[in-house]
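Q: Pasting the sequence and the predicted coordinates here, then a few questions.
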Amino acid sequence: MDRHIPMHALPEEIQKMSPEEKVCNYCGVSYLILHEFKAMEEKVKAMEKEMIFYQGSVEREKRLQEKLQSLSQDFEQYKIDNESKIERLSMVFFFYHLFTLKEKCR
C-alpha cells in the first residue's frame, strides 16, 4: 500500500496542541490517523465490492465456456448430419434422373 507523505507540515497550532487534544478520548487514536484509517476503510469496502464482481465473472466465464463447448459439439454434429442428408439427396436426385432417363429411352 502506498504511504502518504504530506507535502506540508502540520499547522503550528496543531503542533503545539497537547497529546490529549489530538487523541480520541474513547479509543486513544490520533484524529489524524483516524481520518486516514476511515479513508482506507472506504477503499477496502470498494475493493471488496469489486472482488465480488470479479468472482462472479469468473464463474460466469466458466459457464459460458462450457456452453460454448456444448454448442460447438452440437454444431459439428449438425454439420455431419447435414452432409449425410446432402449425400442422400444427391443419391435420390441421381436415381431419379437415371430412372427418368431410362423411362424416356423406352
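A: Done, it's in.
Q: how far out from the middle of the chain is the longest helix seen in the chain?
A: Assignment by DSSP state H gives helix 31-105 as the longest helix of the chain. Distance of helix 31-105 from the chain centroid (Cα atoms, centre = their mean, to the nearest Å) equals 16 Å.
Q: for the record, mean pLDDT for it?
A: The average pLDDT for helix 31-105 rounds to 88.
Q: what's that helix packed up against?
A: The helices and strands touching helix 31-105, judged by 3 or more Cβ pairs under 8 Å, 6 or more residues apart in numbering; DSSP states H and E, number zero. Every residue, glycine included, has its C-beta placed from N, CA and C.
Q: Mind doing that once more with 10 Å?
A: Other elements packing on helix 31-105 under the criterion 3 or more Cβ pairs under 10 Å, 6 or more residues apart in numbering; DSSP states H and E are helix 19-22.
Q: From residue 45, how far off is the residue nearest the centre of the chain?
A: The chain has residue 57 as the residue nearest its centroid, 3.2 Å off, counting by Cα atoms, centre = their mean. Distance of residue 57 to residue 45, given as Cβ to Cβ, to the nearest Å: 19 Å.
Q: cool, and residue 79?
A: Taken as Cβ to Cβ, the span from residue 79 to residue 45 is 51 Å.
Q: swap in residue 87?
A: Residue 87 is 63 Å from residue 45, by Cβ to Cβ.
Q: Kindly report the same for residue 34.
A: From residue 34 across to residue 45, the span is 17 Å (Cβ to Cβ).
Q: Looking at the two, which is more packed in?
A: A side-by-side neighbour count of residue 34 and residue 45, using other Cβ atoms under 10 Å, places residue 34 first with 13 against 10.
Q: Run a quick neighbour tally on the residue lying closest to the more buried one once chain neighbours are set aside.
A: Leaving out its chain neighbours, the residue that sits closest to residue 34 by Cβ to Cβ, 6 or more residues apart in numbering is residue 24, at 6.4 Å. Number of residues near residue 24 (other Cβ under 10 Å) recorded here: 11.
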